[in-house]
Every structure is written in structure tokens, then in C-alpha cells.
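Undergrad: How does the following fold in three dimensions:
(one chain, ligands or ions: 1)
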Amino acid sequence: MEKKRIVALRRLNEAHLQRLRETFEVTYFEEPQQQPEAVAAALCRAHGLIGGKLQVSPAMLDEAPQLEVVSTISVGYDNLPVAELSRRGILLTNTPDVLTETTADTAFMLIMASARRLVELANMVREGRWTQHVGEPHFGHDVNGKTLGLVGLGRIGQAIARRALGFNMRVLYSNASPKPVLEAEWGIERRSFEQLLAESDFVCLSVPLTEETEHLLGYEQCRAMKRSAFLVNIARGKVVDEAGLIRALEEGLIAGAGLDVFEQEPVAPDSPLLRMDNVVTLPHIGSATHETREAMANCAAENLCQALRGERPRDLVNPEAWALRHPHPLQ
Ligand code: DGY
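TA: Residues are numbered from 1 along each chain as shown. Below you'll find the model as predicted:
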């Protein structure tokens with residue numbers, strides 16, 4: 001039987017590609033942005049697409065009539081036209097669960113690093129500016145005993161909450177739906193977004209980017225936070241109105257920030273955020289460990305295989321597309 005054809009985009013290693021080649025005819029692009037025409041040509045014949053940071057436009061889909069599944073190697077899919085895929089009956093899958101703990105580690109690393117001024121003080125040592133015993137001007141702030149406000153209590157938010165409880169923090173959350181079981185078990189408390197901003201010493205964003213969450217937090221929201229509070233963003237850059245955040249930091253409305261994500265990535269080298277000692281910046285590494293990226297690639301490959309075998313993939317994002325492909329499930 002003829003093999004189904006898939007287009008694979010960065011980053012899959014040789015072992016992943018080899019496994020996929022056992023079942024599919026694979027066309028792999030390590031640097032797809034440098035070969036957009038070749039990618040488009042391969043997509044015209046493809047049944048499946050797999051990769052990270054996928055850019056898929058309706059025009060590309062027009063040219064890919066056989067496409068059955070798009071498998072993104074990420075939990076977020078804000079970069080993909082979900083409604084357009086669903087309308088065409090193209091399944092979309094993502095990689096939740098496997099990156100939850102690692103991304104929560106990144107959030108907690110940013111909480112600790114911003115509170116204890118890790119980067120600023122490590123740079124002082126490295127650059128030979130540690131000339132006398134550290135005194136009050138270099139003190140940080142405790143994390144233990146403080147209040148963490150989690151904006152979003154999905155899988156990653158919950159994993160951050162567990163860490164915070166281990167650090168003896170009080171945990172507040174704002175979330176569309178209440179979590180009474182977790183409130184009872186963990187002693188966490190739900191607040192409105194506004195109340196959470198006012199009460200928290202650390203505000204951590206862990207919501208997906210949607211129309212509702214775009215620019216959820218900007219200058220006014222920073223003004224509603226304590227002047228001693230820190231903002232941590234491990235969600236998506238566009239959840240924050242960056243110009244508003246920069247202004248708030250310049251005016252000292254909040255104490256600092258820990259940012260893994262930016263409105264534009266890579267962040268512009270002349271961004272004022274990069275010159276601020278009280279801002280810890282990371283290059284979008286929420287899930288970037290060897291173990292987790294391997295697990296994500298395996299998960300995405302498995303979703304792709306399930307879809308192309310005609311099975312409902314485990315991590316299906318758009319059940320509407322499945323329903324369109326399988327209109328009479330019991331027949
Ligand atoms: C994700 O999985 O969504 C990470 O942020 C990587 O893009």
C-alpha cells in the first residue's frame with residue numbers, strides 16, 4: 001500500500017524522523033522559514049503536517065487538499081487558524097501534559113529569580129563588581145510566606161500552585177471556572193482578576209492567548225498591583241501589553257518582572273526591558289529541556305500517527321473537525 005505523505009518541520013531529531021519514515025513518506029525541513037516555497041510545494045501533496053512554531057495560512061490550506069491533520073509540537077496553538085482547520089475537517093492536535101511540570105518549573109524559577117535578584121547579582125559577581133559584603137542595597141525579597149496570584153488555573157497553573165504551597169506561599173487564583181475541590185484540598189482561594197492583582201505579591205500569568213486574554217495586563221493593571229509586587233509571564237507575550245508594562249516598570253509601579261515570553265520573539269535587542277535590572281528575561285524556554293522536548297516530539301508524532309490511522313487522536317484540539325470527518329460514528 002502506498003505510504004501516506006507527511007511534512008515535518010523543526011525540530012525533530014533523526015530518531016523521530018526514522019520512526020515516522022517507517023510508516024510515512026516524510027519530507028523534513030530543518031529551517032522552513034528559509035524555504036517557504038519548498039514547504040508549500042510539499043504541503044500540496046501531504047496528508048499530515050507536524051512541527052513546532054507552525055505557520056499555516058488559509059491560502060496554504062487551499063493548496064493542501066489532502067491534509068488530514070496538523071500536529072503541533074507545543075501545548076499552545078494560538079499561532080494556528082483553528083476555526084479554518086475545523087471548517088475544512090483538518091484535525092489539530094497539541095502536546096499538553098508532557099510539558100506541564102517543566103513549564104511550572106520555569107515559572108517558579110522566574111518567581112525566585114526576580115524576588116532574589118538572581119541575574120543582577122550573579123552578573124555582579126561575574127563582572128568582578130563584588131567588592132564588599134552584600135548589604136541592604138542588594139537584598140532581595142522572600143518568596144516564602146508571600147501571596148502568589150495565579151491568573152489561570154489549568155494544568156500548568158495547578159502545577160505552579162503545588163510548587164508555591166511547598167514554598168509555604170498563600171495561593172490565590174482567578175479562573176473562568178471555580179475549582180472547589182482544589183480549594184478544599186489545597187486551601188487556595190479564588191478571586192476576581194482585579195482582587196487578585198490587588199492582593200498578590202507575585203502575579204503569574206498562565207492563560208492561553210485568546211481574544212479575551214490578549215493584552216489582559218497592561219499599565220492600568222500594573223497600577224492596580226502592589227508597588228512591591230512582581231509580574232511573571234510564562235504564557236504568551238501578547239497576554240501583556242508590553243508598552244504598558246515598560247511604562248509601569250519605569251514609573252516604579254511594580255517591583256519587577258520575570259518574563260519568558262514577549263510580544264515579539266525574539267525580543268528586540270533594544271527593548272527597554274533588557275536594560276532593567278529588576279526584569280529577568282528568558283528566551284521562551286518554558287518547556288525547553290532535553291527530556292520534555294523529547295516527550296513533546298513523541299507525543300506529537302503519536303497524535304499524528306493516530307490521526308492518519310483513522311483513529312481519534314489523544315490530544316485532539318478541534319472535535320468539530322473529527323465530527324466533520326466522521327459524521328455517523330455508530331454506522
Ligand atoms: C508551548 O508548548 O506552547 C510552548 O510555549 C512552546 O511554544
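
Undergrad: Count the residues that sit near residue 249.
TA: 20 (other C-beta atoms under 10 Å). Every C-beta, even on glycine, is put in place using the N, C-alpha and C of the backbone.

Undergrad: any idea which element it lies in?
TA: helix 242-250 (DSSP states H and E).

Undergrad: For that helix, what is the distance to the chain centroid?
TA: On the basis of C-alpha atoms, centre = their mean, to the nearest Å, helix 242-250 sits 22 Å off its chain's mean C-alpha point.

Undergrad: go on, stretch 81-100?
TA: 15 Å.

Undergrad: what comes up buried for it?
TA: By neighbour count on 16 or more other C-beta atoms under 10 Å, the buried set for stretch 81-100 is 81-82, 85-86, 88-96, 98-100.

Undergrad: Out of those, which sit inside strands?
TA: 91, 92, 93 (DSSP state E).

Undergrad: Bridge partners for the second one, pull those for me.
TA: Partner residues in beta bridges with residue 92: residue 70, with DSSP bridges as the criterion.

Undergrad: Let me see the confidence value for it.
TA: We have a pLDDT of 98 for residue 92.

Undergrad: How about residue 330?
TA: On the pLDDT scale, residue 330 gets 57.

Undergrad: Please apply the same query to residue 37.
TA: 89.

Undergrad: Tell me how many other residues surround it.
TA: There are 7 residues near residue 37, going by other C-beta under 10 Å.

Undergrad: Kindly export stretch 119-133 (C-alpha atoms) in CSV.
TA: Taking Å, rounded to 0.1, in the frame of the first residue of the first chain, the C-alpha atoms of stretch 119-133 are listed here in CSV:
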residue,chain,number,x,y,z
VAL,A,119,20.6,37.6,37.4
GLU,A,120,21.5,41.0,38.6
LEU,A,121,23.6,39.7,41.5
ALA,A,122,25.1,36.8,39.5
ASN,A,123,26.2,39.4,36.9
MET,A,124,27.8,41.5,39.7
VAL,A,125,29.9,38.6,40.8
ARG,A,126,30.8,37.5,37.3
GLU,A,127,31.8,41.0,36.3
GLY,A,128,34.1,41.4,39.3
ARG,A,129,31.9,44.0,40.9
TRP,A,130,31.6,42.1,44.2
THR,A,131,34.0,44.1,46.2
GLN,A,132,32.4,44.1,49.7
HIS,A,133,29.9,42.2,51.7
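
Undergrad: So for it, what gets flagged as buried?
TA: 119, 120, 121, 124.

Undergrad: Same question for stretch 32-49.
TA: Buried residues in stretch 32-49 (16+ other C-beta under 10 Å): 32, 39, 40, 42, 43, 46, 47, 48, 49.

Undergrad: And stretch 153-170, by the same measure?
TA: Neighbour-count burial for stretch 153-170 flags 153-161, 163-164, 167, 169-170 (criterion: 16+ other C-beta under 10 Å).

Undergrad: Of the ones in strands among the buried residues of stretch 81-100, which is the nearest to the ligand?
TA: residue 93 (12.5 Å; C-beta to the nearest ligand atom).

Undergrad: residues contacting the residue sitting furthest away from the middle of the chain?
TA: Most distant from the centre of the chain: residue 132, at 40.3 Å, with distances by C-alpha atoms, centre = their mean. Residue 132 is in contact with no residue at all, counting by C-beta atoms under 8 Å, 6 or more residues apart in numbering.

Undergrad: Look up how far the ligand lies from it.
TA: Per C-beta to the nearest ligand atom, to the nearest Å, residue 132 is found 41 Å from the ligand.

Undergrad: Now that we have the ones in strands among the buried residues of stretch 81-100, can you turn them into a markdown table and tack on distance to residue 77?
TA: What follows is those, written out as a markdown table (distance: C-beta to C-beta, whole Å):
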| residue | distance to residue 77 |
| --- | --- |
| 91 | 12 |
| 92 | 6 |
| 93 | 9 |
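
Undergrad: Quick one: residues contacting the spatially closest residue to residue 281 that is not a sequence neighbour.
TA: Counting by C-beta to C-beta, 6 or more residues apart in numbering, residue 281 lies nearest to residue 259, which is 5.3 Å off, once chain neighbours are set aside. Residues near residue 259 by C-beta under 8 Å, 6+ apart: 110, 231, 232, 233, 237, 240, 273, 279, 280, 281, 282.

Undergrad: Check residue 16 and give its pLDDT.
TA: 93.
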